[in-house]
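Engineer: Fold the following.
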Amino acid sequence: MNKSLTAKIVALPIMSFLLAVLIATNLVAQEKDMTKSYTAKYPYIFHLVQKEAWDKAVLNNTTYYPPTYDQDEFTHATANPNFLLVIGNHFYKEVTGEWLCLRMSVDSLKATDVQTIFEGTAPVGDKPADFAGTDSELFPHILGGIHPDAVLEAHKVVRDETGTFLEVSDIIKGD
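Structural biologist: Predicted coordinates for the structure are as follows:
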């Protein structure tokens, strides 16, 4: 085989690898820029949680994982507090019991070695994310569970007898 052809054959995988590294580096930079722009607009990340499950994690000082974590492979959240009641009523209205809303930040999660990325909506378990406003926002997806050390505050959630989410104390009230 001629030396020129051999050099080209050897160089091709190296060039492909370098191109892949450049693309990955660019995607990471874009993700950091997106995170910065969202956290400038919305400094907090919110996650609705069943009080009983959260109390157990706090009592045992363990990381909480939502019931759909194994299926979804991340913990759902919102940065825009205006979506809290919409999300609660869309996904969790039928789930009984007391609820809390955990308030965190990208930095508080990062301090517990958990990364957060901002993406379009995704189903929660088998329930589609087809609520109003899903096309207008990116949502923080927490790539892990939530350790109590990451939580800045746990807010009480008010619901009525039908399970409708009405209020998250100190954050948002419904109409």
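
Engineer: what's the distance between residue 79 and residue 47?
Structural biologist: 11 Å (CB to CB, to the nearest Å). (Glycine included, C-beta is placed from N, CA and C.)

Engineer: low-scoring stretches of this protein, by residue?
Structural biologist: The model of the chain has pLDDT under 70 over residues 1-34.

Engineer: can you give me the helices for the protein?
Structural biologist: Counting by DSSP state H, the chain has helices at residues 3-41, 51-60, 69-72, 84-91, 106-110.

Engineer: Using the record's domain definitions, break the protein down for me.
Structural biologist: 1-41, 42-173 (automatic domain parsing).

Engineer: May I have the beta-bridge partners of the most centrally placed residue in the chain?
Structural biologist: Nearest residue to the geometric centre of the chain (CA atoms, centre = their mean): residue 141, 2.0 Å. Residue 141 has the following beta-bridge partners by DSSP bridges: residue 76, residue 117.

Engineer: does it really touch residue 117, like I thought?
Structural biologist: Yes - applying CB atoms under 8 Å as the test, residue 141 and residue 117 come out as touching, 5.4 Å apart.

Engineer: From residue 66, how far off is residue 121?
Structural biologist: For residue 121 relative to residue 66 (CB to CB), the value is 16 Å.

Engineer: buried stuff in stretch 102-122?
Structural biologist: Across stretch 102-122, burial judged by 16 or more other CB atoms under 10 Å covers 102, 103, 104, 105, 106, 108, 109, 112, 114, 116, 118, 121.

Engineer: contacting residues for the nearest residue to residue 99 once chain neighbours are set aside?
Structural biologist: Of all residues beyond its chain neighbours, the one nearest residue 99 is residue 157 (3.9 Å), with distances taken as CB to CB, 6 or more residues apart in numbering. By CB atoms under 8 Å, 6 or more residues apart in numbering, the contact set of residue 157 is 48, 88, 98, 99, 100, 101, 165, 167, 168, 169.

Engineer: try residue 111
Structural biologist: 149, 150.

Engineer: run the last query once more with 7 Å
Structural biologist: residue 150 (CB atoms under 7 Å, 6 or more residues apart in numbering).

Engineer: Excluding chain neighbours, what is closest to residue 90?
Structural biologist: If the residues on either side of it in the chain are set aside, residue 90 comes closest to residue 131, at 4.2 Å by CB to CB, 6+ apart.
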